[in-house]
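Trainee: the sequence and its predicted three-dimensional model are supplied below.
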Amino acid sequence: MRKKILFVLPALAAALMFYSPAGAHCQIPCGIYDDDMRMKMMAEHITTIEKSMRLIKELSEEEEKNYNQIVRWVNNKEQHAQQLSEIITYYYMAQRIKPAEKSDEKAFDKYQTQLTLLHKMLVEAMKTKQTTDFEHIENLRELLHDFGHAYGGQNGHAHGGHNGHEGHEH
């Protein structure tokens with residue numbers, strides 16, 4: 001019995017170290033959505049990634065490098081890029097963007113545009129994990145703006161918190 005506990009405890013501790021609660025909205029048919037908030041959250045993640053990049057560069061240029069701070073900002077950049085990716089995939093792609101039939105040309109074109117923009121955002125978010133190139137921040141901001149318009153919002157944001165999808169179960 002004691003051997004089992006000695007084996008299970010380290011495994012449990014290791015599992016808890018890597019546990020990360022889901023940051024995205026639930027995927028059950030609750031019907032509670034706030035598109036404007038998600039757009040603002042994505043913009044905030046992009047700004048945080050940008051700040052992290054700037055501080056990584058600044059700290060790396062110092063004569064006496066503080067590696068602990070550099071690692072902290074790298075981790076922060078990674079976490080926010082991951083959270084941005086989760087909103088894109090779990091909120092928008094899995095729950096909010098509805099497939100459209102090719103026979104409905106207008107709806108299908110909108111669907112294709114939205115998916116393309118979201119996919120490009122995912123690629124840019126991945127690239128922010130790999131580098132400190134600010135070009136990816138500019139691309140993300142432009143893509144977010146374009147997605148806001150393609151999603152049906154005014155001024156680059158979805159409107160009304162529900163974007164006309166009330167009552168849809170996801």
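Mentor: Everything's here; your move. Numbering: from 1, shown residues only.

Trainee: in space, what's closest to R141 - neighbours in sequence excluded?
Mentor: I46 (6.0 Å; C-beta to C-beta, 6 or more residues apart in numbering). Placement of C-beta: from N, CA and C, glycine included.

Trainee: the host helix or strand of that neighbour packs against which elements?
Mentor: Per DSSP states H and E: I46 is located in helix 35-61. Counting by 3 or more C-beta pairs under 8 Å, 6 or more residues apart in numbering; DSSP states H and E, the packing neighbours recorded for helix 35-61 are helix 67-86, helix 135-151.

Trainee: which positions within it qualify as buried?
Mentor: Within helix 35-61, the residues that count as buried by 16 or more other C-beta atoms under 10 Å are 35-36, 38-39, 41-43, 45-46, 48-50, 52-53, 55-56, 59.

Trainee: now stretch 65-80
Mentor: 70, 73-74, 76-77, 79-80.

Trainee: can you list those residues in JSON lines and add pLDDT and distance to T116?
Mentor: Compiled in JSON lines, the buried residues of stretch 65-80 are given as follows (pLDDT from 0 to 100; distance: C-beta to C-beta, whole Å):
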{"residue": "I70", "pLDDT": "98", "distance to T116": "35"}
{"residue": "W73", "pLDDT": "98", "distance to T116": "31"}
{"residue": "V74", "pLDDT": "98", "distance to T116": "30"}
{"residue": "N76", "pLDDT": "98", "distance to T116": "29"}
{"residue": "K77", "pLDDT": "98", "distance to T116": "25"}
{"residue": "Q79", "pLDDT": "98", "distance to T116": "26"}
{"residue": "H80", "pLDDT": "98", "distance to T116": "23"}
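
Trainee: tell me the one of those nearest F134?
Mentor: The closest of the buried residues of stretch 65-80 to F134 turns out to be K77 (C-beta to C-beta; 12.1 Å).

Trainee: what about the nearest residue to that closest one once chain neighbours are set aside, distance to K98?
Mentor: Closest residue to K77 apart from its sequence neighbours, by C-beta to C-beta, 6+ apart: S52 at 3.7 Å. Relative to K98, S52 is positioned 34 Å away (C-beta to C-beta, to the nearest Å).

Trainee: mind listing what the residue nearest to R141 touches?
Mentor: By C-beta atoms under 8 Å, 6 or more residues apart in numbering, the contact list for I46 reads 84, 137, 140-141, 144.

Trainee: in PyMOL, select just the buried ones from the residues you listed.
Mentor: Filtering the contacts of I46 down to the buried ones (16+ other C-beta under 10 Å) takes a single PyMOL command:
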select buried, resi 84+137+140+141+144
